[in-house]
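Q: sequence first, predicted coordinates after that:
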Number of protein chains: 2
Amino acid sequence: MLFFTQCFGAVLDLIHLRFQHYKAKRVFSAAGQLVCVVNPTHSLKYAPTRCAAAQASTEQGILPPCHHHEAVHDPQLVPCTCPLFSCPWEGHLEVVVSHLRQTHRINILQGAEIVFLATDMHLPAPTDWIIMHSCLGHQFLLVLRKQEKYEGHPQFFATMMLIGTPSQADNFTYRLELNRNQRRLKWEATPRSILECVDSVISDGDCLVLNTSLAQLFSDNGSLAIGIAITTSKVHSSEAEM
Amino acid sequence: MLFFTQCFGAVLDLIHLRFQHYKAKRVFSAAGQLVCVVNPTHSLKYAPTRCAAAQASTEQGILPPCHHHEAVHDPQLVPCTCPLFSCPWEGHLEVVVSHLRQTHRINILQGAEIVFLATDMHLPAPTDWIIMHSCLGHQFLLVLRKQEKYEGHPQFFATMMLIGTPSQADNFTYRLELNRNQRRLKWEATPRSILECVDSVISDGDCLVLNTSLAQLFSDNGSLAIGIAITTSKVHSSEAEM
């Protein structure tokens, strides 16, 4: 009996996922884009100052002086950069991806253009939606966070981090795109390195920022579809030439 | 002596304008775009609820029930929609442009693509930057407003209104683009009719919204360059077909 109940539950989950997938395809006109449904993780414990000095991290992958990793001396070791958890893990940059997949169960997707479909946008702050994205020979971490910078006024912050050094990150440009209800919002920037803390990127506001009313305009039945594209950063070269 | 002092002041102003113009051209790569320097107007008197019921305005240019125009009965008359002033003027839609130009000294620019260069972004809220834009046979009003929705946290709101009816506005799409420091932010939407109050558009957050830190990233020496483009709204037809 338990077996049949579990099977029924699994079928219901599949139907729900299929429905979310259909919704995202309807929102994004570019046919053939991979749609990934991302469920939220309600963060019970935040340590917003844990990487306050991360901006001083060097080009060589040296560990930024994080508060909970003061005993680390090996400059080749990187603390766990998953923004969801105060995770005590530390390791070399090359094994961060496998740690995030295995310990934190973060999915990884292939392809230059994907659609990130964040569900249950109504959940109270702080909440995170996270996925890894593999393309152009590198892995990227997309973080969407609902957070109250001003008490009682939650906002959504979306950014992309390269799982690599700042000098590697400078070679790419990422684009986040929202498109619904005859409105379109696009944010393009150079990804930050995962050696810089995602907390500081969000507290600086150097990312896509949405207030609640705008997030609702772009949402469909509580889910927000974000189109993601990553390119090499030659798109900005014309600006530099001016 | 006074004459020479005035001449010297005028020359200094011209040099300053030329410098602003050069900065905007450097920011925007599309050569040949018209750059318009827009100085701020510090609003001493706001009446944020003056058009609270404006969203109910009809497709036929009927006056929305504004608080300071309760005595108006002619449905063809439009109150002064300049968001800067609590202006008692009212008139037909066809003469709104000349009223805004003559009474409120708002400049009007020609061309499908222009650059709006708002100066002195550091001024305290509430402050407005306003210009009219003539293209595709219609006139549009661009409003950039610095306002404190949350006390102590000023934000910038930018929107475009058609000086026409809501059904005419549905035929267009406007795009606002910021591009600096290897970051790019684009907002595309259908312009709202000037019959709907700009106050309600901003309080709904249905416009381009920038927090102070993002505005600083896009600013150059206290000036914010916004690229503006207006097209007929066929760009959204693919979305409707999905």
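A: Yep, that arrived. Residues are numbered from 1 along each chain as shown, chains lettered A, B, ... in the order given.
Q: is the longest strand seen in chain A in proximity to chain B?
A: Ordering each strand of chain A by length in residues (DSSP state E) puts strand A:138-150 first. Yes - counting by C-beta under 8 Å from any C-beta of the partner chain, contacts between strand A:138-150 and chain B involve A:Y150. Every C-beta, even on glycine, is put in place using the N, C-alpha and C of the backbone.
Q: quick one: A:S167 is in a helix?
A: Yes - judged by DSSP: H, G, I helix; E, B strand; the rest coil, A:S167 forms part of a helix.
Q: distance of it relative to B:S213?
A: Using C-beta to C-beta, to the nearest Å, A:S167 is found at 24 Å from B:S213.
Q: so for the following helix or strand past the longest strand of chain A, mean pLDDT?
A: Next helix or strand after strand A:138-150 toward the C-terminus (DSSP states H and E): strand A:153-162. The average pLDDT for strand A:153-162 rounds to 93.
Q: and strand A:153-162, what does it pack onto?
A: Packing partners of strand A:153-162 (3 or more C-beta pairs under 8 Å, 6 or more residues apart in numbering or on different chains; DSSP states H and E): strand A:138-150, helix A:166-169, strand A:172-180, strand A:192-193, helix A:198-204, strand A:208-211, helix A:212-218, strand A:223-232.
Q: quick one: the helix or strand hosting A:Q102 to strand A:138-150, angle?
A: Using DSSP H and E, A:Q102 maps to helix A:96-104. Interaxial angle, helix A:96-104 versus strand A:138-150 (axes from the mean of the first three to the mean of the last three C-alpha atoms, to 10 degrees): 60 degrees.
Q: residues contacting A:Y150?
A: Counting by C-beta atoms under 8 Å, 6 or more residues apart in numbering or on different chains, A:Y150 touches B:150, B:153.
Q: what about 10 Å?
A: Residues near A:Y150 by C-beta atoms under 10 Å, 6 or more residues apart in numbering or on different chains: B:149-153, B:211.
Q: and the helix holding A:Q102, what's buried?
A: A:96-97, A:99-100, A:104 (16 or more other C-beta atoms under 10 Å in any protein chain shown).
Q: let me see the mean pLDDT of it.
A: Per-residue scores along helix A:96-104 average to 86.
Q: determine the set of other helices and strands touching it.
A: strand A:77-79, strand A:90-92, strand A:108-110, strand A:127-135, strand A:138-150 (3 or more C-beta pairs under 10 Å, 6 or more residues apart in numbering or on different chains; DSSP states H and E).
Q: residues in a beta bridge with A:C135, which ones?
A: For A:C135, the beta-bridge partners are A:H138 (DSSP bridges).
Q: shouldn't it be in contact with A:I114?
A: Yes - with contact defined as C-beta atoms under 10 Å, A:C135 reaches A:I114; the gap is 8.5 Å.
Q: circling back to that earlier point, so which of the buried residues of helix A:96-104 is the closest to A:L185?
A: A:L100 (27.9 Å; C-beta to C-beta).
Q: now the closest one: how far from A:D120?
A: 22 Å.
Q: what does A:E90 give?
A: Counting by C-beta to C-beta - A:E90 and A:D120 are separated by 32 Å.
Q: then A:N179?
A: 20 Å.
Q: quick one, which of the two is more surrounded?
A: A:N179 (21 against 14; other C-beta atoms under 10 Å in any protein chain shown).
Q: what is that one paired to in the beta sheet?
A: A:R184.
Q: state whether A:E94 and A:T165 are indeed in contact, as I suppose.
A: No - A:E94 is beyond contact range of A:T165, at 11.6 Å (criterion: C-beta under 10 Å).
Q: looking at the two, which is more packed in?
A: Ranked by neighbour count (other C-beta under 10 Å), A:E94 and A:T165 place A:T165 first, with 18 against 12.
Q: just want the phi and psi numbers for that one.
A: Main-chain dihedrals, A:T165, degrees, to the nearest 10: phi -90, psi 160.
Q: could I get the helix holding A:Q102 in CSV with only the CA atoms?
A: Taking Å, rounded to 0.1, in the frame of the first residue of the first chain, the C-alpha atoms of helix A:96-104 are listed here in CSV:
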residue,chain,number,x,y,z
VAL,A,96,34.0,23.1,-5.4
VAL,A,97,31.6,21.9,-8.0
SER,A,98,31.6,18.3,-6.8
HIS,A,99,31.1,19.5,-3.2
LEU,A,100,28.1,21.7,-4.2
ARG,A,101,26.6,18.8,-6.1
GLN,A,102,27.1,16.1,-3.6
THR,A,103,26.7,17.8,-0.3
HIS,A,104,24.3,20.6,-1.1
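Q: what does it rub up against?
A: By C-beta under 10 Å, 6+ apart, helix A:96-104 touches A:41, A:78-82, A:84-85, A:87, A:89-91, A:95, A:106-108, A:130, A:132, A:134, A:138-139, A:141, A:163-164, A:194-195.
Q: one more pass at 6 Å, please.
A: A:78, A:82, A:89, A:106, A:139, A:163 (C-beta atoms under 6 Å, 6 or more residues apart in numbering or on different chains).
Q: nearest to B:E188, out of those residues: which one, please.
A: A:Q139 (30.8 Å).
Q: any idea how far the nearest residue to the closest one once chain neighbours are set aside lies from A:C87?
A: Closest residue to A:Q139 apart from its sequence neighbours, by C-beta to C-beta, 6 or more residues apart in numbering or on different chains: A:I163 at 4.4 Å. Using C-beta to C-beta, A:I163 is found at 15 Å from A:C87.
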